[in-house]
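1. sequence first, then the predicted structure, then my questions.
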Amino acid sequence: MTEQPRNQRNKRPFSKPVGTGMVSLQGEMSEATKQMAIRHHFIYSTLGLMLGLVCMVLGTFLFFNGIGGSASWTAKVLGMDSQLSDAGPGALLFVVGLFIVGITRFSVKVQK
């Protein structure tokens, strides 16, 4: 049996899409390109986490300081329904922060 270089043995031509929020790399590409894509996805996720955290902290601040007002929110996405009615701006900002954190989360799945 001819010995193949280590990087040639484990090379797969396609990676399977692994789900929402995960990096899915299609086709063959260099290891440096894969690392760059993962690094940029990590930066995107970190910025989303920081923005979501700022929204949640500001929402909590507004909520506990009794900043008044009334806001309503109705959303229908992919068959899911979300309603928030007669909520203060703090509660609404907190929910927006949770949504941002959930959408931009970073996930890694290792397949053998």
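-> Okay, I see it. Numbers count the residues shown, from 1 in each chain.
2. separation between residue 96 and residue 87?
-> In this view, residue 96 and residue 87 are 11 Å apart by C-beta to C-beta, to the nearest Å. C-beta: built from backbone N, CA, C; applies to glycine.
3. one more: residue 55?
-> Residue 55 sits 14 Å away from residue 87, taking C-beta to C-beta as the criterion.
4. list the buried residues in the helix of greatest length in the chain.
-> When the chain is scanned for its longest helix (criterion: DSSP state H), the result is helix 31-64. Neighbour counts using 16 or more other C-beta atoms under 10 Å place 41, 45, 48-49, 52, 55-56, 58-59, 62-63 of helix 31-64 among the buried residues.
5. with stretch 81-101 instead?
-> Buried residues in stretch 81-101, defined by neighbour count with 16+ other C-beta under 10 Å: 87-97, 100-101.
6. in strands, which of these fall?
-> For these, membership in strands holds for residue 87, with DSSP state E as the criterion.
7. surely residue 53 and residue 97 touch.
-> Yes: between residue 53 and residue 97 there is a contact at 6.8 Å, judged by C-beta atoms under 8 Å.
8. my guess is residue 81 meets residue 73, correct?
-> No: with contact taken as C-beta under 8 Å, residue 81 and residue 73 are classed as non-touching, separated by 11.3 Å.
9. would you format the buried residues of stretch 81-101 as a markdown table with pLDDT included?
-> Converted to a markdown table, those look like this (pLDDT from 0 to 100):
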| residue | pLDDT |
| --- | --- |
| 87 | 78 |
| 88 | 82 |
| 89 | 85 |
| 90 | 87 |
| 91 | 86 |
| 92 | 86 |
| 93 | 89 |
| 94 | 91 |
| 95 | 88 |
| 96 | 89 |
| 97 | 93 |
| 100 | 91 |
| 101 | 91 |
